[in-house]
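1. coords below, sequence missing:
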């Protein structure tokens, strides 16, 4: 950088040069891969459940709930969460909670890079702020829906560590003290792989690894997604139970193979 420029100009411009990986400013340093923009989760086609983390080695009541959900998917009949003590109005009508995945089958995820920070958003209202300024996780954090995150580049992989998330949520919650380590790797121009490791002693029998694949959607148009059932007439207002039979008809043809 031109040493003749005022110091405040050089300091202000430094984060931009670091983000851009300027070859003139840092010989031999290449720019990080472009992860910015909208990404859509590629749902598994191998018979896996249509939500991540349902294969996690869960303990206790959460294991029973998830096993019932998996069986429900297989039989095309979802369980009534009220049978598990879940108040659906309260569980779903609140801000989203980060539980290992920023994007899901219903909501695309967006990555916004600004100097020294990555902001992760999705269409359900999730907002995660990830410093990329070399900071580390504090020893103690205030519990929040998104938790506290820090990120760093390791070659062409972006590593994000998160702690301090709220311990409850639907369908899968990982309890207090959970730690998430995400590794974001661009496999090709439009394919992003996110490998996440979850350590949650209160809920998991052992650390759990999941790999999710996202495809870039350059023409994505934002649409708001909500799971709130506060005004859902199919739910009994007093019990929170589903009043409609959601079982598909027996003669319903299977979905297309592709």
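-> All right, it came through fine. Because the structure is predicted, anything quoted here is derived from the model rather than measured.
2. For this protein, just list every one of the helices.
-> Secondary structure of the chain by DSSP state H: the helices cover 7-20, 60-75, 88-92.
3. Just list the residues touching residue 57, thanks.
-> 204, 205, 206, 208 (CB atoms under 8 Å, 6 or more residues apart in numbering). Placement of C-beta: from N, CA and C, glycine included.
4. and which of the residues you listed is nearest residue 38?
-> residue 208 (27.2 Å; CB to CB).
5. Output the below-cut-off pLDDT ranges for the stretch 101-250 of the chain.
-> Residues of the stretch 101-250 of the chain meeting the criterion pLDDT under 70: 168-172, 229-233, 235, 237-240, 246.
6. repeat that for 80
-> Scanning the stretch 101-250 of the chain for pLDDT under 80 picks out 167-173, 227-250.
7. measure residue 53 to residue 145 for me?
-> Using CB to CB, to the nearest Å, one obtains 17 Å as the distance from residue 53 to residue 145.
8. what does residue 118 give?
-> On the measure of CB to CB, residue 118 and residue 145 end up 18 Å apart.
9. what does residue 56 give?
-> Taken as CB to CB, the span from residue 56 to residue 145 is 20 Å.
10. Just want to know which of the two has more residues nearby.
-> residue 56 (23 against 17; other CB atoms under 10 Å).
11. ok, the more buried one touching residue 204?
-> Yes. At 6.1 Å, residue 56 counts as touching residue 204 under the criterion of CB atoms under 8 Å.
12. can you list residues touching both of those two?
-> residue 198.
13. all strands for the protein, in order.
-> Secondary structure of the chain (DSSP state E): strands located at 37-41, 109-114, 117-122, 127-131, 148-154, 157-163, 179-188, 191-199, 208-216.
14. Reformat those strands as JSON lines; add mean neighbour count and distance to residue 92.
-> Output for these, formatted as JSON lines (neighbours: other CB atoms under 10 Å; distance: least, CB to CB, whole Å):
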{"stretch": "strand 37-41", "mean neighbour count": "21", "distance to residue 92": "19"}
{"stretch": "strand 109-114", "mean neighbour count": "17", "distance to residue 92": "19"}
{"stretch": "strand 117-122", "mean neighbour count": "19", "distance to residue 92": "15"}
{"stretch": "strand 127-131", "mean neighbour count": "16", "distance to residue 92": "18"}
{"stretch": "strand 148-154", "mean neighbour count": "17", "distance to residue 92": "24"}
{"stretch": "strand 157-163", "mean neighbour count": "19", "distance to residue 92": "22"}
{"stretch": "strand 179-188", "mean neighbour count": "17", "distance to residue 92": "22"}
{"stretch": "strand 191-199", "mean neighbour count": "19", "distance to residue 92": "22"}
{"stretch": "strand 208-216", "mean neighbour count": "16", "distance to residue 92": "22"}
